[in-house]
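Novice: okay, here's the prediction I keep looking at, along with the sequence it came from:
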Amino acid sequence: MPVKVSKICCIGAGYVGGPTCAVIALKCPHITVTIVDLNQSRVDAWNSPDFALPIYEPGLVDVVRQARGRNLFFSTDVDKGIEEADLIFVSVNTPTKKSGVGAGFAADLNYVELATRRIATVANSSKIVVEKSTVPCRTAESMRTILEANSKPNCRFDILSNPEFLAEGTAITDLFKPDRVLIGSLETREGVEACQSLAEVYANWVPQDRILTVGLWSSELSKLAANAMLAQRISSINALSAICEATGANIDEVAHAIGYDSRIGPKFLKASVGFGGSCFQKDILNLVYLSESLHLPEVAAYWRQVVEMNEYQKRRFSKRVVDTLFNTITGKRIAVLGFAFKADTGDTRESAAITLIKDFQSERAFVNIYDPQVEEEQIWNDLSEASPLIPIESIKKQVTICHSAIEACKNAEAVVIATEWKEFLEIDWEEVYKGMNKPAFVFDGRLLVDAEKLTKIGFKVTTIGRPSAVAA
Ligand SMILES: NC(=O)c1ccc[n+]([C@@H]2O[C@H](COP(=O)([O-])OP(=O)(O)OC[C@H]3O[C@@H](n4cnc5c(N)ncnc54)[C@H](O)[C@@H]3O)[C@@H](O)[C@H]2O)c1
């Protein structure tokens with residue numbers, strides 16, 4: 001008989017574990033959900049009396065407000081969480097390896113392994129262990145080997161793969177109404193029963209026909225495949241944006257026209273300064289590594305190109321800024337609006353803004369940064385990490401963090417829109433124009449603002465996927 005889940009533990013209180021398990025707690029008041037993490041300050045923020053949560057996600061505070069203290073708990077007591085649960089999500093980070101075999105491509109599975117070993121050491125009763133982190137194919141097998149080799153008598157572990165498809169910025173709506181929930185299990189009787197137990201949890205709010213059950217390895221690969229296909233779409237439209245700039249075509253019109261084809265569809269066809277975030281690049285590189293390990297060099301090269309196109313897009317955009325500003329930005333002030341990798345999140349991992357700012361710094365420009373959500377400390381950390389050889393004091397001489405868009409644009413030569421925050425649409429551009437040095441340039445890396453309106457005010461506007469205003 002499938003186990004009726006009454007206690008869930010989630011290891012990892014990050015961008016995935018936090019929102020996912022908070023929503024499970026909200027939708028399943030009969031299940032006690034404890035989210036554990038080793039990071040004390042993160043857990044403290046999840047527990048903060050004023051709901052100053054460690055991550056920004058629209059709708060998240062409401063969810064936590066309703067469930068926290070009722071059946072949702074955050075703790076650093078990992079062992080207690082493991083011991084008490086009948087189902088454990090492993091939702092720890094799986095970054096790209098920085099050294100050793102596969103450095104720069106393979107996923108670093110150290111956190112997954114440590115969490116798995118902890119489960120094996122601590123568990124005194126049988127558990128369903130659910131791989132929520134994005135992992136390479138067959139990681140579940142390694143987890144099973146570790147668990148079985150270290151388990152106590154009478155403890156059995158069933159491993160499931162349940163990759164998370166939420167997108168940051170829309171995590172709560174994605175979790176409330178997922179396109180699908182994917183659960184992978186072994187085809188054994190125990191595997192199928194464990195799968196039923198988890199499916200029953202989701203069935204509290206997800207329609208049955210959206211809960212897909214597949215084999216373990218298909219489930220693991222599906223997550224990498226989904227991210228690779230999404231990123232590929234962005235790189236495809238970005239590659240076309242370069243052709244538009246060179247020919248006079250308009251990428252928005254091209255996207256609109258091709259999106260009408262029902263085989264292509266209109267979503268994810270927005271050209272931009274490049275994709276960022278903790279997942280796309282990491283997961284594609286992981287797929288590249290997997291393909292190479294499987295002796296499929298052509299497949300590896302195909303996916304690698306998606307990442308290379310993304311790097312090219314960022315470089316191309318910073319070069320366009322320099323070219324347009326009369327081939328030099330030395331000593332000029334550039335306002336960068338947006339630092340998060342996309343709107344509606346405070347996450348800056350792999351944000352295109354970091355690369356652009358680094359390029360502007362190396363051209364010896366001054367940079368003003370404004371982002372509505374990203375903490376100052378995070379910006380300094382990211383800029384230091386991007387330029388490890390430059391002391392932070394020198395970076396601070398070149399870069400200023402501002403508290404509003406208007407302040408950031410004051411006395412600037414150019415404004416660069418790096419993140420598509422809606423509030424940038426409401427900026428008083430007349431006011432911005434008055435405060436800037438002339439000619440005043442706007443570089444829209446997100447197809448956000450009305451270029452015609454800004455041109456009428458007096459700006460020289462350069463938009464991604466359109467020929468330059470100066471050249472036109
Ligand atoms: N961020 C996304 O949009 C997204 C979407 C889908 C899937 N994923 C995948 O989900 C996984 C988690 O991503 P994230 O963005 O939440 O990462 P994150 O870095 O925000 O959170 C991971 C958390 O795990 C904690 N942790 C690590 N090892 C631990 C251990 N042994 N015990 C307890 N806590 C531990 C860390 O302290 C950290 O707080 C990754 O594999 C990622 O690829 C992420």
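Specialist: Yep, it's here. Residues are numbered from 1 along each chain as shown.
Novice: what's stretch 235-247 in contact with?
Specialist: Contact partners of stretch 235-247, identified using Cβ atoms under 8 Å, 6 or more residues apart in numbering, comprise 249-251, 254-255, 268-272, 274-275, 305-307, 309-310, 313, 316, 320, 464-468. (Each C-beta comes from the backbone N, C-alpha and C, glycine too.)
Novice: what subset of those residues is buried?
Specialist: 249-251, 254-255, 268-272, 274-275, 305-307, 309-310, 313, 316, 320, 464-467 (16 or more other Cβ atoms under 10 Å).
Novice: now, the residues you listed that are in helices?
Specialist: Among the buried ones among the contacts of stretch 235-247, the members found in helices (DSSP state H) are 251, 254-255, 305-307, 309-310, 313, 316, 320.
Novice: which two in these are spaced the farthest apart?
Specialist: Within these, Val254 and Val307 form the most distant pair, 22.8 Å apart (Cβ to Cβ).
Novice: and the protein, what are its domain boundaries?
Specialist: 7-206, 217-472 (automatic domain parsing).
Novice: what about the longest one, average pLDDT?
Specialist: When pLDDT is averaged over domain 217-472, the result is 96.
Novice: now look at that domain and say if it contacts the ligand.
Specialist: Yes: counting by Cβ under 6 Å from any ligand atom, contacts between domain 217-472 and the ligand involve 278-279.
Novice: ditto for the shortest one
Specialist: Yes: figure legend: domain 7-206 in contact with the ligand (Cβ under 6 Å from any ligand atom); contacting residues 11-17, 36-39, 42, 78, 91-94, 111, 114-115, 133-134, 164, 166, 168.
Novice: which among those residues end up buried?
Specialist: 11-17, 36-38, 42, 78, 91-94, 111, 115, 133-134, 164, 166, 168.
Novice: and these, which of them are in strands?
Specialist: Taking DSSP state E, the ones among these that sit in strands are 11, 36.
Novice: who touches the helix or strand hosting Ala257?
Specialist: Per DSSP states H and E, Ala257 falls inside helix 251-259. Around helix 251-259, the neighbours that count as contacts under Cβ under 8 Å, 6+ apart are 237, 240-241, 244, 264-267, 269-271, 447, 464-466.
Novice: put the alpha carbons of it into CSV.
Specialist: C-alpha atoms of helix 251-259 as CSV (Å, rounded to 0.1, in the frame of the first residue of the first chain):
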residue,chain,number,x,y,z
ILE,A,251,12.8,41.7,-34.1
ASP,A,252,9.5,42.4,-32.4
GLU,A,253,7.7,42.3,-35.7
VAL,A,254,9.6,39.1,-36.7
ALA,A,255,8.8,37.4,-33.4
HIS,A,256,5.1,38.5,-33.7
ALA,A,257,4.9,37.1,-37.2
ILE,A,258,6.6,33.7,-36.5
GLY,A,259,4.7,33.3,-33.2
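Novice: who's in contact with the helix or strand encompassing Met143?
Specialist: Met143 is part of helix 139-150 when elements are defined by DSSP H and E. Residues outside helix 139-150 that contact it (Cβ under 8 Å, 6+ apart): 90, 109, 112-113, 116-117, 119-121, 129, 131, 157, 159-161, 184, 216-217, 220.
Novice: rounded mean pLDDT for it, please.
Specialist: 93.
Novice: how far does the helix holding Ala257 sit from its chain's centre?
Specialist: 25 Å (Cα atoms, centre = their mean, to the nearest Å).
Novice: beyond it, next helix or strand please.
Specialist: Following helix 251-259 in sequence, per DSSP H and E, is helix 280-293.
Novice: show me what that next one is in contact with.
Specialist: 94-96, 102, 104-107, 134, 136-137, 223-225, 227-228, 230-231, 234, 275, 297, 299-300, 303-304, 306-307, 310, 350.
Novice: what do you get for stretch 431-443?
Specialist: 317, 320-321, 324-325, 333, 405-406, 409-417, 449, 451, 454, 457-462.
Novice: give the contact list for the one residue in the chain that gets nearest to the ligand.
Specialist: Using Cβ to the nearest ligand atom, the closest approach of the chain to the ligand is made by Gly14 at 1.9 Å. Residues near Gly14 by Cβ under 8 Å, 6+ apart: 37, 42, 55, 91-93.
Novice: spatially, which two of the residues you listed are the most separated?
Specialist: Ile55 and Val92 (15.3 Å).
Novice: so for this structure, the centremost residue is which one?
Specialist: Geometric centre of the chain, nearest residue: Gly277, 3.5 Å, by Cα atoms, centre = their mean.
Novice: can I assume that one is in contact with Thr348?
Specialist: No: when contacts are counted by Cβ atoms under 8 Å, Gly277 is not listed as touching Thr348 (9.4 Å).
Novice: identify the contacts common to these two.
Specialist: Phe341.
Novice: now stretch 183-197: buried residues?
Specialist: 183-186, 191, 194-197.
Novice: and the contacts of that stretch?
Specialist: Contacts of stretch 183-197 (Cβ under 8 Å, 6+ apart): 1-5, 87, 128, 140, 156, 158-162, 198-199, 211-220, 222.
Novice: mark which of those residues are buried, thanks.
Specialist: 3, 5, 87, 128, 140, 158-162, 198-199, 211, 213-214, 216-217, 219-220, 222.
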